[in-house]
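In: Let me see the structure of the following:
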Amino acid sequence: MIFLEGLTTFMGVIMSFGHFAQTYKILKRKSSADVSLITYSIFTIGVGVWLIYGLSINNIPIIAANATGLIGTLSVVISYFLYKNRKE
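Out: From the prediction side, this is the model:
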């Protein structure tokens, strides 16, 4: 059970880093023209709810993965607004 908990924590955090790749792309191109704000808003709400749940049951794998995910999705949403009127 310890291995599975470690693996799920690791994979949850690694998967959440995918959001940072989108943020990097927005910042590099200085454009958020091809980003769906609705999609990232849903992701942000979803990982926020999962983070609250993880905190309420004190589950480290859920907390770690969703805290990383929340920071990642928020970075995309913030970058979206910084560059929303700029076209490539």
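In: CA only for contacts and neighbour counts going forward, please
Out: Noted.
In: give me the number of residues near N59?
Out: 14 (other C-alpha atoms under 10 Å).
In: buried residues in stretch 16-27?
Out: Of all the residues in stretch 16-27, those buried under the rule 16 or more other C-alpha atoms under 10 Å are 16-17, 19-20, 22-23, 26-27.
In: Mind checking what helix or strand follows the strand or helix carrying L55 in sequence?
Out: Element membership for L55, per DSSP states H and E: helix 37-57. Scanning forward in sequence from helix 37-57 by DSSP H and E, the next helix or strand is helix 60-82.
In: Name the residues of that following helix that are buried.
Out: If you call a residue buried by 16+ other C-alpha under 10 Å, then helix 60-82 has these buried ones: 61-77, 79-80.
In: Might you quantify the distance of it from its chain's geometric centre?
Out: Distance, stretch centre to chain centre, for helix 60-82: 3 Å (C-alpha atoms, centre = their mean, to the nearest Å).
In: you'd agree T8 is up against I60?
Out: No. Between T8 and I60 there is no contact under C-alpha atoms under 8 Å: 10.1 Å.
In: on contacts alone, who are the packing partners of the helix holding L55?
Out: helix 60-82 (3 or more C-alpha pairs under 8 Å, 6 or more residues apart in numbering; DSSP states H and E).
In: How about residues contacting the helix it packs on?
Out: 5-6, 8-13, 16-20, 22-23, 26-27, 31-32, 35, 37, 40-41, 43-44, 47-48, 50-51, 54-55 (C-alpha atoms under 8 Å, 6 or more residues apart in numbering).
In: Okay, now the unreliable bits of the chain?
Out: Residue ranges of the chain with pLDDT under 70: 86-88.
In: now do 50
Out: Of all residues in the chain, none has pLDDT under 50.
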